[in-house]
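Peer 1: Sequence plus the predicted model coming up.
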Amino acid sequence: MAVTEPAPVAPPAAHEGILRRQALRESAARTYARSLPIVPVRARGMTIEGADGRRYLDCLSGAGTLALGHNHPVVLEAIRRVIDSGAPLHVLDLATPVKDAFTTELFATLPRQFADNARIQFCGPAGTDAVEAAFKLVRAATGRSELLAFTGAYHGMTAGALAASGGAPDVRVTRLPFPQDYRCPFGEGGERGADIAARWTESLLDDPKGGVPAPAGMILEPVQGEGGVIPAPDGWLRRMREITTSRSIPLIADEVQTGVGRTGTFWAVEHSGIVPDVMVLSKAIGGSLPLAVIVYRSELDVWQPGAHAGTFRGNQLAMAAGAATLAHVRENGLAERAATLGARMLASLRALSADHPSIGDVRGRGLMIGIELVDPEAAPLARTVGNASPPPPDPALAAAVQQECLNRGLIVELGGRHDAVVRLLPPLTLTDEQATAVVDRLADALRAAERSPYRRAASGPTR
């Protein structure tokens with residue numbers, strides 16, 4: 001293995017200059033850099049070292065991209081092999097041994113009933129382009145244009161993907177209720193709330209005066225990430241599969257963030273046992289490098305050559321890193337490990353709520369965890385979960401917790417409808433000791449944030 005030169009470390013105060021120049025030069029649209037003012041110079045596994053010499057446990061993992069953490073040896077070795085081989089790094093959509101190995105490994109991880117009759121389309125480097133490709137595919141296959149999506153969804157930032165997301169400013173799709181327990185839109189939660197959501201979907205589709213034309217497809221996330229880490233009930237997912245199958249509506253599963261073992265199964269749809277018509281995959285499938293694909297039933301493959309293309313859809317380094325990542329997760333049972341360790345972390349975090357009324361809900365699946373923070377002294381927003389009335393979300397407290405976590409060497413992200421959900425996306429290589437450290441630091445940060453003088457003065461998270 002080649003010797004790696006150490007990353008340059010900036011002088012003690014140089015990171016301040018780097019941050020200052022970033023603020024002056026970069027777009028106002030930047031996000032993570034606002035709430036996480038660090039300058040990473042080294043990273044390994046779950047640990048990041050900043051230019052100022054401070055070390056952090058990374059529970060963001062590139063927004064779920066780093067299934068094996070930073071610079072995992074199998075990923076680095078896969079990249080070096082391609083570079084040292086002299087293989088071309090840019091090949092458009094030509095066939096290469098690297099692509100063939102990636103596709104073979106990817107199909108080996110997919111549900112067998114799906115993989116045995118599937119085609120793959122390599123898209124642009126980001127998940128949002130794969131979402132756009134999925135929309136174009138089902139529209140071409142069905143001859144229809146309308147799409148079904150869900151409240152709280154997030155599918156990307158290009159025009160079509162954003163239109164199907166929960167925060168769309170220009171709605172061009174039919175929005176359906178996504179079931180959740182803590183803030184059920186029907187005031188029920190549990191199986192009853194999920195059943196009502198499914199019945200509403202059926203009624204809307206079958207009502208000749210419902211105002212919804214026959215749709216080209218339905219897109220959903222098995223666990224809503226940006227929406228606040230809300231797992232879809234398995235029974236409800238099966239209902240969505242039945243509803244779409246009986247009405248010849250292609251079902252698109254957005255597994256951009258939930259895939260590659262994140263939720264405790266290799267693909268999150270496996271919890272419910274459903275087989276979608278299209279799967280949108282990105283983030284972790286590239287082993288930390290940009291890669292996005294859609295995999296779909298061969299019957300949908302009605303595209304003409306060039307119907308969806310992109311200059312950078314043949315990223316050889318990403319395919320090599322991705323194949324190595326997929327194989328490592330599969331061979332080492334990291335999805336099962338995520339299920340076990342995630343359940344342990346969820347239990348520890350839920351135990352904190354006894355001493356912290358500001359913890360409204362702790363939820364998630366595997367190593368995709370969310371803690372919704374609330375203001376227990378404020379009047380409830382609406383009656384939900386039977387007669388219970390959850391307090392309103394507290395984004396100011398969440399922002400304070402994120403800052404206090406950073407002060408303690410822990411990187412976390414915020415999400416949810418009001419940015420009041422503290423999100424944990426640690427790598428699947430998380431150790432028992434690191435998991436304990438994450439919970440301990442988060443608990444200490446919460447105690448500090450609850451006492452902080454600037455909490456009430458804050459207007460919300462700085463994103």
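Peer 2: Perfect, I can see it now. Numbers count the residues shown, from 1 in each chain.
Peer 1: What distance do you get for R408 to H15?
Peer 2: 18 Å (CB to CB, to the nearest Å). C-beta: built from backbone N, CA, C; applies to glycine.
Peer 1: Specify which residue of those two has the higher count of neighbours.
Peer 2: H15 (21 against 16; other CB atoms under 10 Å).
Peer 1: Check which element follows the helix or strand where the more buried one lies along the chain.
Peer 2: Secondary structure from DSSP states H and E places H15 in helix 14-25. Following helix 14-25 in sequence order, the next helix or strand is helix 32-35 (DSSP H and E).
Peer 1: Which elements pack onto that next one?
Peer 2: helix 395-407 (3 or more CB pairs under 8 Å, 6 or more residues apart in numbering; DSSP states H and E).
Peer 1: which helices and strands does the helix it packs on pack with?
Peer 2: helix 32-35, strand 368-373, strand 413-415, strand 421-424, helix 432-451.
Peer 1: With mean pLDDT, distance to N71 and mean neighbour count added, can I get these in JSON lines?
Peer 2: Below are the helices and strands packed on helix 395-407 laid out as JSON lines (pLDDT from 0 to 100; distance: least, CB to CB, whole Å; neighbours: other CB atoms under 10 Å):
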{"stretch": "helix 32-35", "mean pLDDT": "86", "distance to N71": "19", "mean neighbour count": "14"}
{"stretch": "strand 368-373", "mean pLDDT": "98", "distance to N71": "22", "mean neighbour count": "27"}
{"stretch": "strand 413-415", "mean pLDDT": "95", "distance to N71": "21", "mean neighbour count": "24"}
{"stretch": "strand 421-424", "mean pLDDT": "98", "distance to N71": "21", "mean neighbour count": "27"}
{"stretch": "helix 432-451", "mean pLDDT": "96", "distance to N71": "16", "mean neighbour count": "17"}
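Peer 1: export these to CSV and tack on distance to S272?
Peer 2: Below are the helices and strands packed on helix 395-407 laid out as CSV (distance: least, CB to CB, whole Å):
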stretch, distance to S272
helix 32-35, 32
strand 368-373, 15
strand 413-415, 23
strand 421-424, 22
helix 432-451, 26
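Peer 1: Just give the number of residues close to S145.
Peer 2: Around S145 there are 14 residues (other CB under 10 Å).
Peer 1: you'd agree it is in a helix?
Peer 2: No - going by DSSP: H, G, I helix; E, B strand; the rest coil, the assignment for S145 is coil, not a helix.
Peer 1: residues contacting the nearest residue to E146 once chain neighbours are set aside?
Peer 2: Leaving aside its sequence neighbours, E146 sits nearest to P215 (CB to CB, 6 or more residues apart in numbering; 4.3 Å). P215 makes contacts with 144, 146-148, 174, 205, 249, as judged by CB atoms under 8 Å, 6 or more residues apart in numbering.
Peer 1: swap in S358?
Peer 2: 373-376, 394, 397, 446, 450.
Peer 1: go on, V329?
Peer 2: Counting by CB under 8 Å, 6+ apart, V329 has contacts 67-68, 109, 260-261, 266, 335, 428.
Peer 1: what pLDDT, on average, does stretch 192-202 get?
Peer 2: In this model, stretch 192-202 has an average pLDDT of 93.
Peer 1: For it, what is the distance to the chain centroid?
Peer 2: Averaging C-alpha positions (CA atoms, centre = their mean, to the nearest Å) puts stretch 192-202 25 Å from its chain's average.
Peer 1: before we move on, the earlier item: against D195, how distant is the residue nearest to E146?
Peer 2: 22 Å.
Peer 1: returning to what we had before: closest one of the contacts of S358 to I48?
Peer 2: L446 (21.8 Å; CB to CB).
Peer 1: quick one: that closest one and D355 touch, right?
Peer 2: No - the pair L446 and D355 fails to qualify as a contact (CB atoms under 8 Å) at a distance of 9.5 Å.
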